[in-house]
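Participant: Generate a structure from the sequence data that follows.
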Amino acid sequence: QAQLVESGGGLAQAGGSLRLSCAVSGLTFSNYAMAWFRQAPGKEREFVAAAAWIGGSIEYADDVKGRFTISRDNAKSTLYLQMNNLKPDDTAVYYCAAGWVAVPRMNAYDIWGQGTQVTVSS
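Facilitator: Have a look, this model is predicted:
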């Protein structure tokens, strides 16, 4: 059974950094596109970043470009999200997801983690 487990969330000050990890098991990680989404209180879940299974295709939401970096270690079956210059608006539960195409649409991903909370104070 496929399982995605996020970690690395926590409390950070504005301008600080956090690195999220998503450990994947039960599937062939290198065959899947992977993505990060986030959901703030009272808001819909939104796309953050995605990385293709092969070919290096990477996509970011406009409001995280230049601040966040998605990467994947296929040997360790782990997805990362390096978040720099954090802002209070980045406060949300962050979810990793696995799918077949690295696109910014929730319905492209059919395996989801439980999420990790990121809180950014001003």
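Participant: For residue 122, see how far away the residue nearest the centre of the chain is.
Facilitator: Nearest residue to the geometric centre of the chain (C-alpha atoms, centre = their mean): residue 36, 2.4 Å. Using C-beta to C-beta, to the nearest Å, one gets 23 Å for the distance from residue 36 to residue 122. C-beta coordinates here come from the backbone N, C-alpha and C atoms, glycine included.
Participant: Which pLDDT value does the model give the residue nearest to the centre of the chain?
Facilitator: Residue 36 is assigned a predicted lDDT (pLDDT) of 98.
Participant: what residues are up against it?
Facilitator: 20, 22, 48, 49, 50, 70, 79, 81, 94, 95, 96, 97 (C-beta atoms under 8 Å, 6 or more residues apart in numbering).
Participant: So which of those are in strands?
Facilitator: 20, 22, 48, 49, 50, 70, 79, 81, 94, 95, 96, 97 (DSSP state E).
Participant: Surely the second one and residue 96 touch.
Facilitator: What it means is residue 22. Yes. Counting by C-beta atoms under 8 Å, residue 96 is a contact partner of residue 22 at 3.4 Å.
Participant: Could you pull out the residues contacting both of the two?
Facilitator: 4, 6, 34, 36, 79, 113.
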